[in-house]
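>>> here is a sequence with its predicted model. Questions after.
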Amino acid sequence: MKILMLSSTFPYPPSRGGTQVRTFNLLQYLSLRHHVILGTVRSPDVTDAQIDALRQQVAELAVFPNPQTPPQPPLAKEGLRLHQETEEGFLPSPLAPPQPPLVKGGLTLHQGLEEDFLPPPLNKGGTEGGFSEIIGKFHRFGRFLLSGTPPNVLSSYSQAMQNWADELVTTGKCDAVTCEHSVNEIYVRPEWRQKVLTVANIHSSVWGTCREILATGTSEKPLRDRLNLPLLARYEKRYCSKFSRIVATTSTDRDQLLELLSPPVWVRGKQDFFVPPIDVIPNGVDLAQFPYRSIDPGGHTLIFAGAMNNLPNIDAARFLSLQILPPLQQRYPEATLTLVGASPVPSVLALGKLPGIQVVGRVQRVAEYLHQAAVCVVPMRIGLGIKNKTLEAMAAGTPVVASDRGLEGLVVDGGPQPRRALRANKVHEYVEAITSLFENQQLRQDLSVSARSLVESQYTWDIIGRQYDRLLQF
């Protein structure tokens, strides 16, 4: 089977964030069984070595420039021509014969500006809330209102990648198309569903996420989000109707979409849009990257891990540092917290100045830090979808205390099954749960063993990949 996978997020190395981890592991599984063609975008921090490594994982790889990266002159590298594009369309290097962008030897590299690229926000002019910033906001909102597509989707759109995908589908060179994250829906044309299987692996509902941050009072810009909410509802309904199937990571995500899409509006006795089946396929864990701990370190050490430029993680890190840790340190003055994750924003870096808190940024192996902690706290208050950080801590054997959001999609509370984590949502609940783990070595061990067993039996990437593969066979 020939599968075209589209990912505007470069999925290597599979340690940059949740989207990269999920995309890489699914494509790796599918590549062992099918002819996988991957189209992706090169972000500024991607190296040639990483492109070469990703190329080994798929049958064909096409890498396109980041639309926000200025064009560079044509370069020749290892027999491959890096091309330039202009607004008039694709132009080959003057040293190469005229040809459209093709995959050659399993890899194509393109370089240039995109025809329909939405420019980045206007400069703030050195002042917060300056005139140019206001004009930029009106511009972005106006484009959203008129086009029906969010600015972040437009800003990552590559016309060259669109042309390449169009050619593959229209000439019958693929049997299925998958979009690895909802942002890639922009590349899929409605008529493709009549020719090939089209799957949107959305991770979570954008409308549901916006509604959630408004409901929880955690929105940074509530006026903006209230204006965006009906537009996101319209957008999500429209893009979902293009696909043969939708994939979400939890039943909560699926229920959010069903609430949005059902009941469909009927016009003249017909549905005004197609409602595709919605399947639930969770995330997984690479057990080689997250081996089970050899010892229980004990002590009063906490850890929270995640990309520290992501709004839900920023909110969780600050909630843990500013509201949960202080009363815990009243009981355990020596209690410490390590914040692990790439790209910490200033508000996260500032937490490192507080007593007992260390902000370490990106690390080579998160598992090594998990193994050094007595408890992993996942105090998520916003953000839908199953959390890689929770599954990874469970796989590593670090006892977990987490919120409803941090445990979404997981059965952990006991009943007929052993407890796999402790649940908390309010500050005093976190303090009591963490205290019980600090004081009870047997409880730590029981949670550690049962959580690892859960991951081994239900959440390895081999298990998850098999589910995705079966879905593509329909």
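Looks like it arrived, so ask away.
>>> make it CA atoms for all contacts and neighbour counts henceforth
OK.
>>> where does the stretch 51-200 of the chain have low pLDDT?
For the stretch 51-200 of the chain, applying pLDDT under 70 flags the ranges 69-139.
>>> if you set the cut-off to 90 instead, what comes out?
The model of the stretch 51-200 of the chain has pLDDT under 90 over residues 66-156.
>>> repeat that for the stretch 301-450 of the chain.
Short version for the stretch 301-450 of the chain, where the test is pLDDT under 90: 310-311, 364, 382-386, 409, 411-418.
>>> neighbours around residue 217, how many?
12 (other C-alpha atoms under 10 Å).
>>> try residue 215
For residue 215, the neighbour count with other C-alpha under 10 Å is 12.
>>> equivalent analysis for residue 171, please.
Residues near residue 171, counting by other C-alpha under 10 Å, number 8.
>>> all helices of the stretch 51-200 of the chain, in order?
131-147, 151-155, 159-170 (DSSP state H, counting those that start in this stretch).
>>> can I get these in CSV with distance to residue 45 and mean neighbour count?
Below are the helices of the stretch 51-200 of the chain laid out as CSV (distance: least, C-alpha to C-alpha, whole Å; neighbours: other C-alpha atoms under 10 Å):
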stretch, distance to residue 45, mean neighbour count
helix 131-147, 26, 15
helix 151-155, 18, 17
helix 159-170, 19, 18
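>>> which of those helices sits closest to residue 3?
Judged by C-alpha to C-alpha, the one of the helices of the stretch 51-200 of the chain that comes nearest to residue 3 is helix 159-170, at 10.5 Å.
>>> for the closest one, list the C-alpha coordinates in CSV.
Provided in CSV are the C-alpha atoms of helix 159-170 (Å, rounded to 0.1, in the frame of the first residue of the first chain):
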residue,chain,number,x,y,z
GLN,A,159,2.3,26.1,-1.9
ALA,A,160,5.2,23.9,-3.2
MET,A,161,4.1,21.1,-0.9
GLN,A,162,0.6,21.5,-2.1
ASN,A,163,1.6,21.2,-5.8
TRP,A,164,3.7,18.1,-5.0
ALA,A,165,0.8,16.4,-3.1
ASP,A,166,-1.7,17.3,-5.9
GLU,A,167,0.5,15.6,-8.4
LEU,A,168,0.8,12.4,-6.4
VAL,A,169,-2.9,12.1,-5.8
THR,A,170,-4.2,13.1,-9.2
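>>> for residue 230, find the nearest of the helices of the stretch 51-200 of the chain.
With C-alpha to C-alpha as the yardstick, what comes closest out of the helices of the stretch 51-200 of the chain is helix 131-147 (10.1 Å).
>>> how about the helices of the stretch 51-200 of the chain in JSON lines, adding distance to residue 208?
Formatted as JSON lines, those follow (distance: least, C-alpha to C-alpha, whole Å):
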{"stretch": "helix 131-147", "distance to residue 208": "18"}
{"stretch": "helix 151-155", "distance to residue 208": "17"}
{"stretch": "helix 159-170", "distance to residue 208": "28"}
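>>> so which of the ones you listed is nearest residue 281?
Among the helices of the stretch 51-200 of the chain, the nearest to residue 281 by C-alpha to C-alpha is helix 151-155 (23.4 Å).
>>> remind me what the closest one packs against, helices and strands.
helix 131-147 (3 or more C-alpha pairs under 8 Å, 6 or more residues apart in numbering; DSSP states H and E).
>>> okay, now residue 326: neighbour count?
18.
>>> what does the helix or strand in which it is found contact?
Residue 326 is part of helix 325-331, with elements assigned from DSSP states H and E. For helix 325-331, contacts defined as C-alpha atoms under 8 Å, 6 or more residues apart in numbering pick out 335, 337, 431, 435.
>>> and the third one, how close does it get to residue 357?
Taking C-alpha to C-alpha, to the nearest Å as the criterion, residue 431 is separated from residue 357 by 17 Å.
>>> could you do the second one as well?
In this structure, residue 337 and residue 357 are 5 Å apart, going by C-alpha to C-alpha.
>>> shared neighbours, these two?
Common contacts of residue 337 and residue 357 (C-alpha under 8 Å, 6+ apart): residue 321.
>>> follow-up on the earlier one: among the contacts of helix 325-331, which are located in helices?
431, 435 (DSSP state H).
>>> who wins on neighbours among the contacts of helix 325-331?
residue 337 (24 neighbours).
>>> for that one, give me its contacts.
301-304, 321, 325, 356-358.
>>> could you pull out the strands for the stretch 351-474 of the chain?
357-361, 375-378, 400-402, 422-423 (DSSP state E, counting those that start in this stretch).
>>> got CSV for those strands, with distance to residue 1 and mean neighbour count too?
Converted to CSV, these look like this (distance: least, C-alpha to C-alpha, whole Å; neighbours: other C-alpha under 10 Å):
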stretch, distance to residue 1, mean neighbour count
strand 357-361, 41, 18
strand 375-378, 39, 28
strand 400-402, 40, 26
strand 422-423, 43, 22
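>>> out of those, flag the one nearest residue 457.
Comparing these against residue 457 with C-alpha to C-alpha, the closest turns out to be strand 400-402 (18.1 Å).
>>> relative to that closest one, what are the paired strands and their orientations?
Using DSSP bridges, the strands paired with strand 400-402 in its sheet are strand 375-378 (parallel), strand 422-423 (parallel).
>>> for these, which one sits closest to residue 468?
Per C-alpha to C-alpha, nearest to residue 468 of the strands paired with strand 400-402: strand 375-378, 27.1 Å.
>>> can you list contacts of that closest one?
By C-alpha under 8 Å, 6+ apart, strand 375-378 touches 301-304, 316, 370, 389-390, 393, 398-403, 406, 434, 437.
>>> just the CA atoms of that strand, as CSV, please.
Extracted C-alpha coordinates of strand 375-378, given in CSV (Å, rounded to 0.1, in the frame of the first residue of the first chain):
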residue,chain,number,x,y,z
VAL,A,375,7.2,11.8,42.1
CYS,A,376,6.2,13.1,38.7
VAL,A,377,3.5,15.8,38.9
VAL,A,378,1.3,16.5,35.8
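>>> how far is that strand from where the chain is centred?
Between the centre of strand 375-378 and the centre of its chain there are 21 Å (C-alpha atoms, centre = their mean, to the nearest Å).
>>> next one: stretch 423-432
That offset, for stretch 423-432, works out to 27 Å (C-alpha atoms, centre = their mean).
>>> any chance of the strands of the stretch 351-474 of the chain in TSV with distance to residue 59 as columns?
Converted to TSV, those look like this (distance: least, C-alpha to C-alpha, whole Å):
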stretch	distance to residue 59
strand 357-361	34
strand 375-378	38
strand 400-402	39
strand 422-423	43
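>>> from one end of stretch 194-214 to the other, what's the distance?
OK, stretch 194-214 end separation, C-alpha to C-alpha: 38 Å.
>>> residues of it that come out buried?
Of the residues in stretch 194-214, 196-214 count as buried by neighbour count, 16 or more other C-alpha atoms under 10 Å.
>>> among those residues, which ones are in helices?
Per DSSP H, the buried residues of stretch 194-214 map to helices at 206-214.
>>> pick out the most distant pair among those.
Maximum distance among those (C-alpha to C-alpha): 12.6 Å, for 206 and 214.
>>> would JSON lines of the strands paired with strand 400-402 with distance to residue 464 be doable?
Shown next, in JSON lines, are the strands paired with strand 400-402 (distance: least, C-alpha to C-alpha, whole Å):
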{"stretch": "strand 375-378", "distance to residue 464": "23"}
{"stretch": "strand 422-423", "distance to residue 464": "25"}
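>>> any idea which of those gets closest to residue 32?
Nearest to residue 32 among those is strand 375-378; the distance by C-alpha to C-alpha comes to 33.9 Å.
>>> cool, thanks, signing off.
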